[in-house]
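J.: coords please:
(chains A, B, C and D)
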Protein chains: 4
Amino acid sequence: MRIGIVGATGYGGAELLRLLKNHPKVKDIHLYTSSKDGVHISDSYPHLTDVYNLTLKAFDADVVSQETDLVFMATPPGVSAESTDQVAKNGTKVIDLSGDLRLEDPAIYERWYKRKAADQKTIDLAIYGLNEWAKEEVQSAAIIANPGCYPTAALLGLAPLVQKDLVVHDSIIIDAKTGTSGAGRSTSSATHFSEMSENFKIYQVNSHKHTPEIEQQLKRWNEGIGAITFQTHLVPMVRGIMTTMYVQLNESFSQEQLHQLYNDVYKDSPFVRIRKENHYPATREVYGSNYCDIGLSYDERTGRATIVSVIDNMVKGAAGQAIQNMNVMNGWDESTGLDVVPVYP
Amino acid sequence: MRIGIVGATGYGGAELLRLLKNHPKVKDIHLYTSSKDGVHISDSYPHLTDVYNLTLKAFDADVVSQETDLVFMATPPGVSAESTDQVAKNGTKVIDLSGDLRLEDPAIYERWYKRKAADQKTIDLAIYGLNEWAKEEVQSAAIIANPGCYPTAALLGLAPLVQKDLVVHDSIIIDAKTGTSGAGRSTSSATHFSEMSENFKIYQVNSHKHTPEIEQQLKRWNEGIGAITFQTHLVPMVRGIMTTMYVQLNESFSQEQLHQLYNDVYKDSPFVRIRKENHYPATREVYGSNYCDIGLSYDERTGRATIVSVIDNMVKGAAGQAIQNMNVMNGWDESTGLDVVPVYP
Amino acid sequence: MRIGIVGATGYGGAELLRLLKNHPKVKDIHLYTSSKDGVHISDSYPHLTDVYNLTLKAFDADVVSQETDLVFMATPPGVSAESTDQVAKNGTKVIDLSGDLRLEDPAIYERWYKRKAADQKTIDLAIYGLNEWAKEEVQSAAIIANPGCYPTAALLGLAPLVQKDLVVHDSIIIDAKTGTSGAGRSTSSATHFSEMSENFKIYQVNSHKHTPEIEQQLKRWNEGIGAITFQTHLVPMVRGIMTTMYVQLNESFSQEQLHQLYNDVYKDSPFVRIRKENHYPATREVYGSNYCDIGLSYDERTGRATIVSVIDNMVKGAAGQAIQNMNVMNGWDESTGLDVVPVYP
Amino acid sequence: MRIGIVGATGYGGAELLRLLKNHPKVKDIHLYTSSKDGVHISDSYPHLTDVYNLTLKAFDADVVSQETDLVFMATPPGVSAESTDQVAKNGTKVIDLSGDLRLEDPAIYERWYKRKAADQKTIDLAIYGLNEWAKEEVQSAAIIANPGCYPTAALLGLAPLVQKDLVVHDSIIIDAKTGTSGAGRSTSSATHFSEMSENFKIYQVNSHKHTPEIEQQLKRWNEGIGAITFQTHLVPMVRGIMTTMYVQLNESFSQEQLHQLYNDVYKDSPFVRIRKENHYPATREVYGSNYCDIGLSYDERTGRATIVSVIDNMVKGAAGQAIQNMNVMNGWDESTGLDVVPVYP
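T.: This is a model prediction of the structure:
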């Protein structure tokens, strides 16, 4: 199978290269870029010296559609919106890691992303690839909208309660924290080491563009769910997301019942690990791996459940889930090439 | 004025020494310890070399009551509960930085702290020194229960809305994040560098002992307030607390009204800085200083306000507020010795 | 092949487990401990949940010698000195990650380690497994003394110049920097997050016990080499070692010649990567991998070469090199199970 | 006294503002910028909210010469070279924190800085303000070239041995490590958090422009001193420099003699603290303060001394030493406004 990566000089591209190295089905990889045409990958990423002997090629949708059977779009906003149909025209499958194809309503996309949406036709073709909850659709998909990092962590944590309609509809609050790698490789004063280290920040208050993505999926599961509160924070670390989620339950629960529910729901999902009672995951415990670890607590004093989920934003929140989707699209075991153990400490 | 610090080898003691160095009213300082009797302070803290020429003395409540006019108890749980009345018997004023004297109901103390409470008499004498909201009581107090780090950040952020009864009573959720210095100088695997760095953790889920302290004060302001949800996280940084607080408002607000309210309430408080609209504080912006910075947002989609407050847990959350209380107790300007500028970056 | 890990709850043990997970020749693993007998590995290391279903067994040398064909000793100083001969008596091969068997002269061991050395017989049997320079000896060894983390980085960097006698004999200075994981999982005030973060320290000045290990190997290569200066520093990061090495060359060199020499010497070593001229490695570029990356510079102003080498102290400096040695001992390709790509960023 | 800061939006400017806040002789401050004309200082630096009510003015050398009595140039390379004589023409004293006026030979400046040097006349007027070793010249100076951060740490550490001609002339090696704040506020991929955190790098190998500055001063003290080796590294922390220095001594020393020498030399220098035998400073122990702490070791095995010095690069390495120079120029006590205690932890 011939694989393409568009946007290979970004962190998402580099992470795909790390994980694909040991994928038994993938041998022929092509790298495309809009800015570093002709550069050897090890000049852009010295850590890949002797790992890959590949040179970046200029991105041209027609060329990609001819040279590859499946392509990962690890591109900035707007690229996939413009070029996906051309890339896909000859049957090349597309897994889009950008947010361009995730929202089914172009008006909502344009309100939150402040840019032009993709064609309705392309959007309609794209399957939202939250893998644990979309196995069948992914299997037959031609285009995958790979979920955002925050939505992956939040939705995997909320799914059991929302699907079973156990939460008060307007009570969902998601307090999310991320490392800096999610902000990408381009520099900004916000991610300057001198400004980030020994610092903790809130950003994009009430305006993060993953908000409608989370709401869309929650409403697919349970149309009664109302607007959520979703706030995002920047942690002085590189990798990792934790979402601490607060929901008012509409019936009383014991800790045991809560754990039983989640263990049942996820018993066949190899990448979701439910912590036992009174134990909660830390981001480092999934570092470099495709796991989503979840901890659960119910507080009788308030009738509220607190759900804690962690992922490595670069893996389960991006490249790892994309490969998991590739695996399912091709009928391979979903874990193929993804059996990497978290790096700890 | 003769000043004592009990527990001078802990971080709270060291921070008191840093801040008191330039306090114009303080010259005569005595250091007490239960473990490092006879050690020079610079052997315990090399950064204080040539700053103080002081040797630690064994803690003995009688001696302290004779040698000092005012004493800071920067001690582990239990010490103040046992010894405050003896220290105070000759008129020595006490500012207790431990949590021993903060909760007025011994039963609640014992439930959350899992240890024996102080005598009711001592508890009754202690004034809860949330300085911005207790100027008069502090002025005439003999014993101050210096507020906890989290409660300081949370209560200063919630006070205006709770006092004016603008929040739905059972809707308060506090998602708190702290650096590691709050855990003190003693070592543990939780604060081991190899376990903390590049990691983000939740801890003491639904069981942090600052929960009843926050609830007690909220109810003093507004007896209708119900149980709160309060979760705490450990950030890979040394200093700083951010509390992100979610409250359902019982009437619709504009951003402008919200800011107007807070600016009015805190206009005479030199250590509370309200950020302007669409701006939010980061922990580093108060690093090393006695400021509490607050950012505000109201979301029309949900009817919820998000209040963000940051402090340096070692200063406004401990030593700085203690000195502010000392100043007010003695009739000095509350800012005396506390005009330190945040260290940035 | 039946594999044992003694000291499986330390970081070295955890790292062996991470790397062995995908080793095609290893299936049957036994874990031994002196302190956590009966504990499931995922209770000691939650990141290994669902990765290994193994329970720790009490360490008993006789049992290990019966249950395993090859054992990794990832133990504190002293354990291997005492128990290696018993473990090895039935033909179990031993790879010792502690420093107990590295120094051939017991008197030198005792001077630098301040504890009793192993029996001379055991020491004599142990092969110093600096893999790139000991392929043949390792192949036929029954016991391997796995090199220390600093010596691995330093010796791989110095080997070409020292072996060819190009350096002034008494001019070698090694300025080494390490992350905290090398200090292990036990807590200490030195590796307390609050003391380490935003801090840079020198430690064990002129007294680090890796000093004689480096000197011993340099003298094996070139008996004229004199005492070295070796200083070690603690960097606020978890993984990674850089050694910056200063040597006076006894003849004039060009940058090009220097690079040519190193490229020639290491052309068949898959884990040693020489950076091109004017490029130097950073520790993150080998994070989680078995690479040793080397950068080179010659300064005509001073006649000195500066050699910079980086490794991941947990991998090439410990578990990775141990597995590389296991591979060679068993006649497998040295890279088996070690083709992990550095995690970046 | 009317004080100006040119380049007030950089970190050097911000640090001057932090320290000057409590300087008893300074009240009237003017801020100049080349890029943020009209911006309030608290919009550029929120941590200065309510601390200073100052608006940035466009930099114009004539205006500065009229509005101020003393000006700090905290500017990028080139600005001081061009404008110092104009700023100084009416008697305004100049303390230049850039490197433009430090090297007495324009040819050397141009070789290392790769840009045009200042006029010889301006250079000749500028006094190299390594304060501990230039009290008299500073007292009568009109223009001060404030030393670089690395040279300050290195020269204070080497001075006693070099001045007394105790080192082998060609043996000086300086292995230096810095936090990222020295790289300034402008962004670059090198100081991107995702690239810096959990990483340790060497940079500007054999080419750092502080090399000739250090050599120039060493030769003023001892003309026999030859070319030095000076390598610089980037530590994942914000503030702090450590220089580990290796010198061959030309006579045998005891630890005690070495300490005696340094204690004698610096006995009247309030900002230089010599650690006692077998104790070494860490960068955090001077964090935020004007101290330079020094540790010393002599190794009989090699005849080499290792000298370790630490400073806060933003204080003693920049703004603090500049204020110390201002104090001495004006006949005030050198410590005025600089009695800040290190922030620890």
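J.: hey, let's count contacts and neighbours off CA atoms from now on
T.: OK.
J.: now do the contacts for A:M326.
T.: Listed by CA atoms under 8 Å, 6 or more residues apart in numbering or on different chains, the contact partners of A:M326 are A:I95.
J.: which of the helices or strands spans it?
T.: helix A:320-329 (DSSP states H and E).
J.: again with A:A153
T.: Per DSSP H and E: helix A:149-163 holds A:A153.
J.: the following helix or strand past that helix pairs with which strands?
T.: Heading C-terminal from helix A:149-163, the first helix or strand you meet, by DSSP H and E, is strand A:173-178. Using DSSP bridges, strand A:173-178 pairs in its sheet with strand A:229-234 (parallel), strand A:241-248 (antiparallel).
J.: mean pLDDT and mean neighbour count added to the ones you listed, as CSV?
T.: Shown next, in CSV, are the strands paired with strand A:173-178 (pLDDT from 0 to 100; neighbours: other CA atoms under 10 Å in any protein chain shown):
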stretch, mean pLDDT, mean neighbour count
strand A:229-234, 98, 23
strand A:241-248, 98, 26
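J.: D:D124 is nearest to which of those?
T.: strand A:229-234 (49.0 Å; CA to CA).
J.: distance from the chain centre to the closest one, please.
T.: 16 Å (CA atoms, centre = their mean, to the nearest Å).
J.: residues making contact with it?
T.: A:172-180, A:200-206, A:208, A:211, B:302, B:304.
J.: distance of the nearest residue to A:T211 once chain neighbours are set aside relative to B:A305?
T.: Nearest in space to A:T211, with sequence neighbours left out and distances taken as CA to CA, 6 or more residues apart in numbering or on different chains, is A:F230 at 6.4 Å. Between A:F230 and B:A305 the computed distance is 12 Å (CA to CA, to the nearest Å).
J.: residue ranges of each domain in chain A, please.
T.: Using automatic domain parsing, the domain ranges for chain A come out as A:2-128, A:150-313.
J.: for chain B, tell me whether stretch A:282-294 is touching it.
T.: Yes. Residues of stretch A:282-294 are located near chain B by CA under 8 Å from any CA of the partner chain, namely A:A282, A:T283, A:R284.
J.: what's the per-residue pLDDT of the closest residue to the last one other than its chain neighbours here?
T.: Nearest residue to A:R284 in three dimensions, chain neighbours excluded: B:N199, at 5.0 Å (CA to CA, 6+ apart). According to the model's per-residue confidence, B:N199 sits at a pLDDT of 98.
J.: quick revisit: the inter-axis angle of the helix holding A:M326 versus helix A:149-163?
T.: Helix A:320-329 runs at 60 degrees relative to helix A:149-163, counting by axes from the mean of the first three to the mean of the last three CA atoms, to 10 degrees.
J.: give me the distance between the residue in chain A that chain D sits nearest to and chain C.
T.: Nearest residue of chain A to chain D (CA to the nearest CA) works out as A:F193 at 4.2 Å. Taking CA to the nearest CA, to the nearest Å as the measure, A:F193 falls 12 Å from chain C.
J.: chain neighbours aside, what residue packs nearest to that residue?
T.: D:F193 is the one closest to A:F193 (CA to CA, 6+ apart), at 4.2 Å.
J.: wait, doesn't that neighbour sit right on A:T180?
T.: Yes. Counting by CA atoms under 8 Å, A:T180 is a contact partner of D:F193 at 6.9 Å.
J.: can you pick out the residue with more neighbours from those two?
T.: D:F193 (32 against 29; other CA atoms under 10 Å in any protein chain shown).
J.: kindly indicate whether the closest residue to A:G182 other than its chain neighbours is helix, strand or coil.
T.: Leaving aside its sequence neighbours, A:G182 sits nearest to A:N313 (CA to CA, 6+ apart; 6.7 Å). Following DSSP: H, G, I helix; E, B strand; the rest coil, we place A:N313 in the coil state.
J.: contacts only, for A:N313.
T.: By CA under 8 Å, 6+ apart, the neighbours of A:N313 are A:C149, A:Y150, A:T178, A:S181, A:G182, A:R239, A:G240, A:I241.
J.: mind running it again at 6 Å?
T.: Neighbouring residues of A:N313 by CA atoms under 6 Å, 6 or more residues apart in numbering or on different chains: A:C149, A:G240, A:I241.
J.: number of residues surrounding the nearest residue to the last one once chain neighbours are set aside?
T.: Excluding the flanking residues, the one nearest A:I241 by CA to CA, 6+ apart is A:T178, at 4.4 Å. Residue crowding around A:T178 was assessed by other CA under 10 Å; the count is 27.
J.: same check on A:R220?
T.: 11.
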